[in-house]
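K.L.:
Kindly return the folded structure for what I paste below:
(one chain, ligands or ions: 1)
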Amino acid sequence: MFRQIANHLLAAVSLTAGLHAADSSTLWYRHPATQWVEALPIGNGRLGAMVFGGMQMERLQLNEDTLWGGGPYDPANPAARAALPKIRQLIAAGEYAKAQDLEQQSFMAVPEREAPYETVGDLLITMSGPEAASRYRRELSLDRAIARTEFQIGGTIYARECFASAVDQVIVVRLTSRAPTPNAYSGHMSFTLGMQSQEPSGITVGPQGDLILHGTNTGFDTVPSALTFESRVRIVQTDGTVTTDAAHIHVADATSATILIAAATSFQRYDDVSGDPTARNLQTLAAAQHKDYDALRDAHIADYRRLFGRVAIDLGHSAAEQLPTDERIRVGDPARDPALAALYFQYGRYLLISSSRPGGQAANLQGLWNDGLYPPWGGKYTININTEMNYWPAEETNLAECTEPLFTLIDDLSHTGAKMARDQYGAGGWVAHHNTDLWRAAGPVDGPLWGVWPCGGAWLCDALWEHYLFNPDPVFLARAYPLMKGAAQFFLDTLVVDPKHGWLVDSPSLSPEHEHHPGVTAAMGPTIDEQIIRDLFNHCIASARILGLDADFTSKLTAARDRLAPNQIGGHGQLQEWLEDWDGQAPEQQHRHVSLLYGFYPSDQITLRGTPKLVAGVKKTLEIRGDLSTGWATAWRLNLWARLEDPEHAYRVLANLLGPERTYPNLFDAHPPFQIDGNFGGTAGITEMLLQSQAGEIELLPALPREWPVGEVHGLRARGGYTVDMSWRDGQLTSATIRGQPGAKVKVRLDGLESEMTLAADGSTSLSR
Ligand code: FUC
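P.N.:
Just a heads-up that it's a prediction; the model follows:
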């Protein structure tokens, strides 16, 4: 039992009280990165770098989030609309393979691929001098968002700090050298700055002494190159001697130097590439160059901490946390290293802040970081799970602002997707399929087995509704509603009647990437689609009611919603993935996608106490699918087991995620290869073990594993607009504070008991035992 105590009795808990902030928020290593997944990511949402920490040569691999292949294009297939009725007929007749053949012939987008995310190139800092170094350490502070490298060569200690400032829109590199003792020979450094790129590009030194990499992106498929880009490097402070040659800057006999890196492309919007990257960079550098290093750094830290500092977490401590981060991963035993889970949790928050800030692009399959011209899966937005998963931790870990680029993407898609809906389906509203890119392509790509899935846009719309639930602001809802309404209109116009049951279903579709018969995914009304459409309709109905709009439209939605296919339990007791019970015969029983479980997580259609029969089906499906999967698929399973309130099972899945097969030395998630969704899904999963709020109540410690007997967390968010702090000992909650609107009544569940609590005049309520 717990009791509500008078607020004034509970001293305010300082955000970091009792927390080992520095220990649990630093990644560190004893040697430079030898491969990309050992390098440390920095980013300001738009501009990013991977810092290798080399001694003789420092490599900063640079990214700018609008440097993608190709240019604006319209992928609608002119043959699609005429083929659509025939495809539907074939599906209704059970001729799935033939339907797929026709999709391949006449329904796929043109081109059938989307644009890849590309790399800018590298800044290389080559040091002159002897090689044998000692006392090497490189680290990434999640608390300050600064990468730091320090080492000694002979009588000189070298230090470098790098960060990507959202305030000043530059990457800042500070190099210093000093003698180890005041009496020793004072260490100086000499170094050369150079650049390289895989893009069609050239390198020059400009009249201001800037080192300039300028070039174009590449075309892809039939879409020609349309972007120009520039990265510009300027030394803004040094006590050394600066000279240049045709393609380098040389600095001699310095003890300090501050370097600013700017980068921009000609991208303005998905349909406009008329920007001037040189003008942008010159303006950015002119604004930043007069600030000294401390001012740049302090402004960066303050801005970053405004977001990062909202949540503090402590899951316990052990000797393992004294080890360098790569050794902790290699040992791969999180049971003996509870702080590793806390580090992973905070790293996910760090990565989201660093790759998704208002004004920039949404976090793609690699967030912001990519060293090639064609990364795995093009580094795109895969919207049949991956992009959505990127944003799972955003609201609950108190980073609501980071969703803004996703909302811009949805808004853009509502335009490109409206044309796709009209051209390929003859429908109103808007549609997006399983991928999109910088140009907001909305068509079915990558072949019919993967691409003919019309629910990508509808799933993205969940993020809008969740944003509202976590911070119920009618102004935001008024902006979000037309986007949701357009997505819903598409389904009102395109749903068909399933001839066997009479349910309203989408057709053609598929259950993401999962074959129900060998080589065949084509289907109508798969479970995930019906769940997503049900959510979308319900969210529109609720929004319209709150905003006092569209009574006619919502009555149509209500009528259609009531005819959608229900969730079904199949012959093995599992939640059924398709309209027909094909689950037991599907060739890949342990398929990574668990699309049909969307209804249980991230959605709240199926809840533990609200729909127990369906929950039994969810559990059965999860058991059949098994725990071992790829990075993001492991993270999804983690969230599902946390929602099942099975702490030990959730913990085992988390241990898989944190081990060396799923996590690289720099803590990037291994799908493999690297894909950032597992990091974000992992952060969401750890949160889900500690706090849930999907079922109309705030549940404290719903899936706390015995491996974390003592801990605390501050600043998590709950639906309804609440912020929650908790401490526990011996696996039992010791105190919690919930903050929100004064006078609000909130249902709180702990240890299976629900109580209603009222927030006091100061907007908080506390409980303890
Ligand atoms: C989906 C997944 C793959 C990969 C890709 C980016 O196609 O099934 O595993 O994550 O997206």
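
K.L.:
continuing past the helix or strand Val172 falls within, what's the next helix or strand?
P.N.:
In this assignment (DSSP states H and E), Val172 forms part of strand 170-178. Later in the chain than strand 170-178, the nearest helix or strand by DSSP H and E is strand 189-196.

K.L.:
So what angle separates the directions of the strand holding Val172 and strand 189-196?
P.N.:
Here the directions of strand 170-178 and strand 189-196 differ by 150 degrees (axes from the mean of the first three to the mean of the last three CA atoms, to 10 degrees).

K.L.:
Strand partners (parallel or antiparallel) of strand 170-178?
P.N.:
Note on strand 170-178: by DSSP bridges, its sheet partners are strand 156-165 (antiparallel), strand 256-265 (antiparallel).

K.L.:
any idea of the mean pLDDT for the last one?
P.N.:
Translated: strand 256-265. Averaged over strand 256-265, pLDDT sits at 98.

K.L.:
would you put the C-alpha positions of that strand in PDB?
P.N.:
Only the C-alpha atoms of strand 256-265 are listed here, as PDB (Å, rounded to 0.1, in the frame of the first residue of the first chain):
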ATOM      1  CA  SER A 256      45.600  26.500 -29.000                       C
ATOM      2  CA  ALA A 257      43.300  26.800 -32.000                       C
ATOM      3  CA  THR A 258      39.600  27.000 -32.400                       C
ATOM      4  CA  ILE A 259      38.100  25.700 -35.700                       C
ATOM      5  CA  LEU A 260      34.600  26.300 -36.900                       C
ATOM      6  CA  ILE A 261      33.000  24.000 -39.500                       C
ATOM      7  CA  ALA A 262      29.900  25.100 -41.300                       C
ATOM      8  CA  ALA A 263      28.000  23.100 -43.900                       C
ATOM      9  CA  ALA A 264      24.900  23.600 -46.000                       C
ATOM     10  CA  THR A 265      23.200  22.500 -49.200                       C
END
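
K.L.:
got the buried residues for it?
P.N.:
Of the residues in strand 256-265, 256-265 count as buried by neighbour count, 16 or more other CB atoms under 10 Å. From N, CA and C alone the C-beta is placed, and that goes for glycine too.

K.L.:
Please apply the same query to stretch 517-529.
P.N.:
So, applying 16+ other CB under 10 Å, buried residues of stretch 517-529: 520-529.

K.L.:
from the residues you listed, which is closest to the ligand?
P.N.:
Thr521 (11.6 Å; CB to the nearest ligand atom).

K.L.:
Identify the spatial nearest neighbour of that closest one, chain neighbours not counted.
P.N.:
Leu510 (3.8 Å; CB to CB, 6 or more residues apart in numbering).

K.L.:
Could you pull up the residues touching the one you found?
P.N.:
By CB atoms under 8 Å, 6 or more residues apart in numbering, the contact list for Leu510 reads 448-450, 452-453, 521-523, 526.

K.L.:
at 6 Å what do you get?
P.N.:
453, 521-523 (CB atoms under 6 Å, 6 or more residues apart in numbering).

K.L.:
State the distance from it to the ligand.
P.N.:
To the ligand, Leu510 is 12 Å away according to CB to the nearest ligand atom, to the nearest Å.

K.L.:
now swap in Gly309 and tell me
P.N.:
32 Å.

K.L.:
Ok, Pro180 next?
P.N.:
Counting by CB to the nearest ligand atom, the gap from Pro180 to the ligand is 48 Å.

K.L.:
okay, now Lys747: neighbour count?
P.N.:
15 (other CB atoms under 10 Å).

K.L.:
Near the ligand, which residues of the stretch 601-750 of the chain? Just list them.
P.N.:
Residues of the stretch 601-750 of the chain found near the ligand (CB under 6 Å from any ligand atom) are 630, 632, 671, 675.

K.L.:
Spell out which residues of the stretch 151-300 of the chain are next to the ligand.
P.N.:
Close to the ligand, as judged by CB under 6 Å from any ligand atom, the stretch 151-300 of the chain has no residues.

K.L.:
low-scoring stretches of the stretch 151-300 of the chain, by residue?
P.N.:
182-186 (pLDDT under 70).

K.L.:
Pick out the residue of it closest to the ligand.
P.N.:
Closest point on the stretch 151-300 of the chain to the ligand, by CB to the nearest ligand atom, is Phe220, at 16.6 Å.

K.L.:
hang on, the earlier thing: quick check, nearest of the residues of the stretch 601-750 of the chain next to the ligand to Val167?
P.N.:
Nearest to Val167, judged by CB to CB, of these is Gln675 at 29.6 Å.

K.L.:
Phi and psi next, for that closest one.
P.N.:
The phi and psi values for Gln675, taken as degrees, to the nearest 10, are phi -150, psi 130.

K.L.:
Correct me if wrong: it contacts Gly367.
P.N.:
No: Gln675 lies out of contact with Gly367 (CB atoms under 6 Å); the separation is 9.4 Å.

K.L.:
Leu596 versus the residue lying closest to Arg349 once chain neighbours are set aside, what's the distance?
P.N.:
Leaving aside its sequence neighbours, Arg349 sits nearest to Thr397 (CB to CB, 6+ apart; 5.3 Å). Applying CB to CB, to the nearest Å, the value for Thr397 to Leu596 is 27 Å.

K.L.:
Then Glu588?
P.N.:
Distance, Glu588 to Leu596, using CB to CB: 14 Å.

K.L.:
Could you check which of those two is surrounded by more residues?
P.N.:
Ranked by neighbour count (other CB under 10 Å), Glu588 and Leu596 place Leu596 first, with 29 against 12.

K.L.:
how about that one, what does it touch?
P.N.:
527-528, 575, 577.

K.L.:
Report pLDDT for Leu9.
P.N.:
Leu9 is given a pLDDT of 30.
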